[in-house]
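In: Sharing a model that was predicted from the sequence below.
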Amino acid sequence: MNIIFFGSTSDSILVLSRLHQFLSLQFNVLISAVVTQPSRPVGRKQVITPTPVEIWAKTHNIPVISFPHNPSQPQLFADDQVVIDTLQPFKADLLVSASFGQKIPWQTIQATKFGGLNVHPSLLPRWRGADPVPWAIMAGDAQTGVTIVTLSKTFDAGEIIAQKKLPITDKDFSDPLRTKLFELGAVLLMKILPEVSTYHTPGVNRLHTPGKEPYARRLTRDDGFEPWKAIQKAFEDSEEAKRIDRKFRALSPWPGVWSEIKLKSIEPRVQGIEKKRLKILALHLAPKPSTLNPTLILDSVQLEGKNPVSFNQFKKAYLPPLPATIPTRHVSPD
């Protein structure tokens, strides 16, 4: 069996490496090519850097192919026909995708013997889309999971082949949880591959209707914004505290949680009110002595243009001493 793998992130490697290990024990089965996103400028110096998948594939002597994306719609290729024509000579029997980030042309999927399988880190049909893990945490879902789903014309809308559930704890952050899900997905994929290759689909297959469940759109920097009034409320209100804690865990390390505050300038040469961004670097929940309900405790913050400091240091510098959580003279909420 001839397989083409599609992936772009370090999570993709969890599936690719397990697949490579599995196939090394099989006769007449190989990964003939890896398709990944093109190298991109990274960091302050904008160094052109290949994806983790490209680096891994080249160290294992697997051919790597990349295609430019559509500038106005990055989830699409610039030219599907180029993709179709380039991959056709490989005569793939099966396509496998994990954290790839672009839509594979339907004609490429149809040209294979067994179609394609995608490893998706949610319990489809809930949270189909680009960023399911943080959205599940923010929503307060008690559990998530991983789904093996057939590749289709629409993202994450194919036939559900297999699923594995995983609880979400009140300590889970997005990145480690996502890694756990792809590790589970890699194991699950290896279990079903022998059956897929012999035309026997395991389990009870079912098509799903994506429109009936919430969609996990790609996160933006603006998703990290939290009004200062809401943060102040969380100092006393347990439900608001738990919501912001979930948001912090979901959006760490990027885009993170941040707010905007209005500061009255203390420099004589600068007049008026300045609006500054305040990034929350660390927080935790602690029981309120009177009720034992959790309230929000900010541990460290970073004011725009300043170094990170403890929240206590920030309060002393910018917030009036009484009351500590209600800015009056120096800080005012939007």
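Out: On my side now, so go ahead. It should be emphasised that the depicted structure is a prediction, and the values quoted were computed from it without experimental measurement. Numbering: from 1, shown residues only.
In: excluding its backbone neighbours, what's nearest T9?
Out: Residue nearest to T9 in three dimensions, not counting chain neighbours: S99, with 4.5 Å by Cβ to Cβ, 6 or more residues apart in numbering. For glycine as for every other residue, the C-beta is placed from the backbone atoms N, C-alpha and C.
In: Does that neighbour touch F182 like I think?
Out: Yes: using Cβ atoms under 8 Å, S99 is in contact with F182, at 7.1 Å.
In: Residues that sit against both of these two, list them.
Out: Residues touching both S99 and F182 (Cβ atoms under 8 Å, 6 or more residues apart in numbering): D11, S12, V15, V119.
In: Can you flag which of those residues belong to helices?
Out: Applying DSSP state H to the shared contacts of S99 and F182, the entries found in helices are D11, S12, V15.
In: Closest to R249 out of the residues you listed?
Out: Nearest to R249 among those: D11, at 17.8 Å, using Cβ to Cβ.
In: Tell me which residues touch the closest one, please.
Out: D11 makes contacts with A98, S99, P121, R178, T179, F182, as judged by Cβ under 8 Å, 6+ apart.
In: how about the helices in the stretch 201-334 of the chain?
Out: With DSSP state H, counting those that start in this stretch, the ranges of helices along the stretch 201-334 of the chain come out as 228-234, 238-251, 311-318.
In: Is L94 bridged to anything, and to what?
Out: With DSSP bridges as the criterion, L94 is bridged to I3.
In: what ranges of the protein fall below the confidence cut-off?
Out: The model of the chain has pLDDT under 70 over residues 197-211, 264-272, 320-334.
In: Centre-most residue in it?
Out: Nearest to the mean C-alpha position of the chain, by Cα atoms, centre = their mean, lies D131 at 4.1 Å.
In: if I pick that residue, what's in contact with it?
Out: With Cβ under 8 Å, 6+ apart, D131 has these contacts: A216, R217, R218, L219.
In: what's next to the helix of greatest length in the chain, contact-wise?
Out: Across the chain, the longest stretch assigned as helix under DSSP H is helix 174-196. Around helix 174-196, the neighbours that count as contacts under Cβ under 8 Å, 6+ apart are 11-12, 14-15, 17-19, 22, 94, 96, 98-99, 114, 117, 119-122, 133-134, 137, 144-148, 161-164, 166, 168, 201-202, 249-253.
In: now stretch 47-60
Out: With contact meaning Cβ under 8 Å, 6+ apart, stretch 47-60 is reached by 7-10, 12-13, 16-17, 20, 34, 36-37, 39-43, 63-64, 66.
In: what's the offset of it from the middle of its chain?
Out: 20 Å (Cα atoms, centre = their mean, to the nearest Å).
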